[in-house]
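Participant: From the sequence below, what's the structure:
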Amino acid sequence: MKLSKEEIERYSRQIVLRGVGGPGQNRLKAARVLAIGAGGLGSPALQYLAGAGVGTLGIVDDDVVSLSNLHRQVLHATANVGRKKVDSAAEAIARLNPHVDVVKIERRLDEANARALVADWDVVLDGSDNFAARYAVSDACFFEAKPLVTAAIGEYDGSLTTLKPYQNGPDGKPNPTYRCLFPEAPPPGTVPTCSQVGVLGALAGALGSLMALEAIREIVGGFGDDDRGLVGRLLMIDTRSMRFETLTYGWDETNPLNGAQAASLVNPR
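Facilitator: As a prediction, the model looks like this:
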């Protein structure tokens with residue numbers, strides 16, 4: 001896929017990076033990335049993926065913009081309050097980069113439709129705000145063999161990891177699944193929502209930007225010999241102490257997806 005002169009100029013500061021170059025920029029142009037949610041995490045992620053020149057961005061969201069979204073959901077503006085988020089996000093992306101195609105998917109992802117939604121994409125970003133969606137999309141990406149970048153935020157804390165459990169790691173064992181990291185969802189009502197405890201807007205920007213970085217890393221094939229992505233690693237950020245920590249986690253042979261005695265949670269299509 002050939003870059004135009006305008007695109008070469010637009011992405012020139014990225015193309016000169018030794019870990020990207022012309023081949024990497026062409027891979028970005030050919031890539032299809034799906035974002036689950038155009039909210040606090042999806043907004044900055046979509047902005048930076050559009051800026052980076054990802055050729056096609058899909059947006060899954062069935063919500064409308066509300067005034068309380070705007071301190072963190074930076075794709076949307078005051079004039080967009082009451083509009084569908086997929087429409088508002090698509091227009092913002094078009095203003096930022098007209099070379100990017102946007103696919104609007106106005107629906108809520110659930111266990112029944114997750115596999116069909118992720119099947120045609122190269123990389124999936126999960127910025128959903130509930131555990132049911134996180135388990136549904138992570139299971140779907142396992143069965144469809146799609147890289148998944150997933151993040152979560154609350155109050156002043158955030159976390160981020162990348163999942164490729166359909167492949168083996170350097171040790172020959174399968175890469176871990178989301179269920180290796182979080183075997184079970186917490187009981188309903190035990191984790192407060194953003195509307196109950198709040199969330200720092202800039203934290204969403206930081207984590208969403210890092211989601212975009214992980215997706216770009218996956219698309220271009222890594223940034224060089226010392227490249228270390230977040231497969232099997234959980235990045236945790238505490239903005240009160242400005243502490244960034246990385247926890248290494250591994251494959252749990254008892255997990256129900258790719259464990260030693262795995263049985264499919266989702267019936268094959």
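Participant: Next up, the contacts around G201.
Facilitator: Listed by C-beta atoms under 8 Å, 6 or more residues apart in numbering, the contact set of G201 reads G40, H71, R72. C-beta coordinates here come from the backbone N, C-alpha and C atoms, glycine included.
Participant: now swap in G24 and tell me
Facilitator: By C-beta under 8 Å, 6+ apart, the contact list for G24 reads I15, L17, I219, V220, G221.
Participant: can you give me phi and psi for it?
Facilitator: Backbone geometry at G24, expressed as degrees, to the nearest 10, gives phi -70, psi -40.
Participant: same thing with P256?
Facilitator: The phi/psi pair for P256 (degrees, to the nearest 10) reads phi -80, psi 0.
Participant: Check V103 too.
Facilitator: Dihedral angles phi and psi of V103 (degrees, to the nearest 10) take the values phi -110, psi 120.
Participant: try the one 3 residues further on
Facilitator: As for E106, its main-chain torsions (degrees, to the nearest 10) stand at phi -90, psi 80.
Participant: how much space is there between it and G58?
Facilitator: 11 Å (C-beta to C-beta, to the nearest Å).
Participant: So between these two, which is more surrounded?
Facilitator: Neighbour comparison, E106 and G58: the larger count goes to G58, with 22 against 13 (by other C-beta atoms under 10 Å).
Participant: Who are the contact partners of that one?
Facilitator: G58 neighbours (C-beta under 8 Å, 6+ apart): R32, V33, L34, A35, V102, V103, I105, W121.
Participant: what about the strands in this protein?
Facilitator: 32-36, 56-60, 101-105, 123-126, 148-154, 157-163, 233-238, 243-248 (DSSP state E).
Participant: Sheet partners, orientation included, of the fifth one?
Facilitator: Meaning strand 148-154. strand 123-126 (parallel), strand 157-163 (antiparallel) (DSSP bridges).
Participant: The ones you listed: which one's closest to P188?
Facilitator: Closest approach to P188 among those (C-beta to C-beta): strand 123-126, 19.6 Å.
Participant: Buried residues in the closest one, which are they?
Facilitator: V123, V124, L125, D126 (16 or more other C-beta atoms under 10 Å).
Participant: re earlier: filter the contacts of G24 to the buried ones?
Facilitator: I15, I219, V220.
Participant: So what touches stretch 171-186?
Facilitator: Residues from elsewhere that reach stretch 171-186 (C-beta under 8 Å, 6+ apart): 131-132, 134-135, 138-139, 142, 148, 150, 161, 163-169, 231-232, 234, 249-252, 255-258.
Participant: let me redo that: stretch 227-237
Facilitator: Residues outside stretch 227-237 that contact it (C-beta under 8 Å, 6+ apart) are 19, 149, 157-164, 169, 175-176, 181, 203, 206-207, 210, 214, 217-218, 222, 243-250.
Participant: Report the buried residues of that stretch.
Facilitator: Within stretch 227-237, the residues scored as buried using 16+ other C-beta under 10 Å are G229, L230, V231, G232, L234, L235, I237.
Participant: Averaged pLDDT, it. What do you get?
Facilitator: For stretch 227-237, mean pLDDT rounds to 95.
Participant: ok, now stretch 73-88?
Facilitator: Mean predicted confidence for stretch 73-88 is 97.
Participant: hang on, isn't T150 packed against K164?
Facilitator: No - taking C-beta atoms under 8 Å as the definition, T150 is not a contact partner of K164, at 11.7 Å.
Participant: more crowded one of these two?
Facilitator: T150 (26 against 21).
Participant: That one and I36: what is the separation?
Facilitator: With distances taken as C-beta to C-beta, T150 is found 9 Å from I36.
Participant: what is in contact with those two at once?
Facilitator: Counting by C-beta under 8 Å, 6+ apart, the residues touching both T150 and I36 are L125, D126, V137.
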